[in-house]
Every structure is written in C-alpha cells, then in structure tokens.
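Q: task: produce atomic coordinates for the following.
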Amino acid sequence: MRCEGMKATLPSILVLLATLAFGTGCGASAYSATGGSHFELDHGKEVDDEDILKAFQAAPQLGESSRVAFYTFDDKKAPDVEHMLAAVPHVKSTYHIPALLVSGTRRFQEPRAAGEVSIKKLRLLAARAGADVLVIVDYGYKGGGANGLSALNLLLVPALFVPFLDNRTESYAQAWVLDVRNGYFYGDASADAKSGSAFVNIYADGPDALFASDWPKLLSTLQTKLTDRLAPSKPKAPEARAAATPGATAPATIATSVDATKPAPAAAP
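A: Numbers count the residues shown, from 1 in each chain. Purely as a prediction, here's the structure:
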C-alpha cells in the first residue's frame, strides 16, 4: 500500500517541479509606480495664455530653508522618500501628500489609478500644508525572461540547474521640483541602475529583488541631485527678467552721428 501510494504521488510531484521550473521567470516583467495614472507636468486642458505669461514671469524664490511637500504614486515607498528628502540640505520640513487626497485610496485598500494627476491640485494641497516646494517622485523597473538555453528544459533535471533565465533589470527613480506659490519649475532629478545577468538559474533573484537592492542607490543619487535643485535661489537680473517676458522690449537708444564735412559750430563768445 505504501509503495502504491509513492507511485501515485510521484507523477504529481514531477508535474509540480516541472511547473515551477518552466514557469519561473520565463516572462519579462515591468513595474511602474504610476500604475494606470496619467501624469503630465501640465495638462493641456488647464493651460491658457495667462498661464504661459505667468510661467515666463515666475522667478525662483528658494530661501535658506524650504518646507517640502512631496507626492509619490506608490505610498509603499513614501517613508524612504521622506527620509531621503529630510537629509537634503536646506530642507526645513517634509510633508507627504497622501494618496487619499489625490486618488481616494484608503490605507488598507489596494492601490488604484488616480486618473489624471493634476499639478494644480498637488500645488494646492502643498499650499494647504504650508509648503514652499512641491516634489513629485516616480519610479519603476523592468526585466526578467528566458534566454536561448531554455530549449534544454525538455528535461526536468536541466531546468533545475541550467542557467536558462535572464534576470537583467533596469530601474529608475525620478523627481520633479516645482515652486508651490508661482509654479516655477526648478528642474528634475533622475537616477538609473542596471543589475542582473543574462544567464542565471531558477535560484537567482528576480527583478523585484534586484530592484529592492538598487533602490537605496537610486535614492542616494536623487538626494545628491536634489541638493542642487533645492539650493537657495539667486535673484534674476532685471535684464534677464525683461528678456524672459513675452512682448518685453529693451528700451530704445537714440544714436547720434556727426557729419565730418560740415564745420563745427563756433563757440559762444
């Protein structure tokens, strides 16, 4: 009875092992923190001529210290981002704009697409929190799949040991920095990382684990670049502001010429 039971369960065990061997990492995967959200720095429906004029007239106005409000498309990384921003020089305080106020996602609810994320709404939420600067953080990664050695997987034993997988993973983190009061765009900061190998077996880390190991490095690079973005502003020269304003023209200068063929007027006695 015991031997028959062993014979009965052995095929199911082999099927299970084969499923694991063939199904692990055979398809490439990609992850984006924005999910189904549509994000644009400025949505076309919100832009008019007055907005463009205000954008030209806006000037950087960062002081020695700034209160920073930030938004991430994935709240799971918010504590890491907040810790990173707090370590940036000239940052006085940080405030995390919660997903509840943007997308309506509650704390113990599966994340859902926020639709179209509005910069104007994020600036308003940041202003209500008393922030000077708005920082928007996005990240993502892609990788994984099978290589040419996967043809050897017709047998179970090779599938368990042959490096037929490709776990090369590309990841990024990016931040946009805007002035809360006038919408001035201080610039963006980005970081990229690559990990993995083209030939690994089923016991190697997948894209998720490789991204997790690269995440601290991405944040460190962002922190360095944001140090420049959040440095105190230097005031623009009046000439530079006039040149940046649409329709502004430099004051006309009147040039005078002297005809050398005519005698100079006599001096008064």
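Q: and stretch 174-189, what's buried?
A: Buried residues in stretch 174-189, counting neighbours by 16 or more other Cβ atoms under 10 Å, are found at Gln174, Ala175, Trp176, Val177, Leu178, Asp179, Val180, Gly183, Tyr184, Tyr186, Asp188, Ala189. Bear in mind the C-beta positions are built from the backbone N, C-alpha and C, glycine included.
Q: same question, stretch 192-205
A: So for stretch 192-205, counting by 16+ other Cβ under 10 Å, buried means Ala193, Ser195, Gly196, Val200, Asn201, Ile202, Ala204, Asp205.
Q: can you confirm the last one is in a strand?
A: No - read with DSSP: H, G, I helix; E, B strand; the rest coil, Asp205 is coil and lies in no strand.
Q: 44 is where my numbering starts, stick with that
A: Shifting the count to begin at 44 puts that one at Asp248.
Q: so how far is Phe204 from it?
A: 17 Å (Cβ to Cβ, to the nearest Å).
Q: do the same with the fourth one
A: Distance, Val243 to Phe204, using Cβ to Cβ: 11 Å.
Q: so where is the protein shaky, pLDDT-wise?
A: The chain contains residues with pLDDT under 70 at 44-71, 74-89, 152-159, 189-202, 278-312.
Q: one more pass at 90, please.
A: Applying pLDDT under 90 to the chain flags the ranges 44-98, 100-101, 116-119, 142-164, 186-211, 239-249, 276-312.
Q: show me where this structure has helices.
A: Here the chain has its helices, by DSSP state H, at 45-66, 92-100, 121-129, 142-145, 162-171, 199-204, 250-272, 281-287.
Q: Ala98 and Leu253, how far apart?
A: Taking Cβ to Cβ, one finds Ala98 at 40 Å from Leu253.
Q: and those two? Which one has more around it.
A: Remark: of Ala98 and Leu253, Leu253 carries more neighbours, 23 against 16, as counted by other Cβ atoms under 10 Å.
Q: list the contacts for that one?
A: Applying Cβ atoms under 8 Å, 6 or more residues apart in numbering to Leu253 gives the contacts Tyr184, Gly186, Asn210, Thr212, Ser214, Ser238, Gly239.
Q: my guess is Asp209 meets Ala241, correct?
A: Yes - between Asp209 and Ala241 there is a contact at 4.9 Å, judged by Cβ atoms under 8 Å.
Q: count the residues that sit near the closest residue to Ser214 other than its chain neighbours.
A: Nearest non-adjacent residue to Ser214, counting by Cβ to Cβ, 6 or more residues apart in numbering: Tyr184, 3.6 Å away. Look at Tyr184: counted by other Cβ under 10 Å, it has 25 neighbours.
Q: ok, Tyr184 to Ser240 distance?
A: From Tyr184 to Ser240 the distance is 16 Å (Cβ to Cβ).
Q: ok, Thr115 next?
A: Distance of Thr115 to Ser240, computed by Cβ to Cβ: 30 Å.
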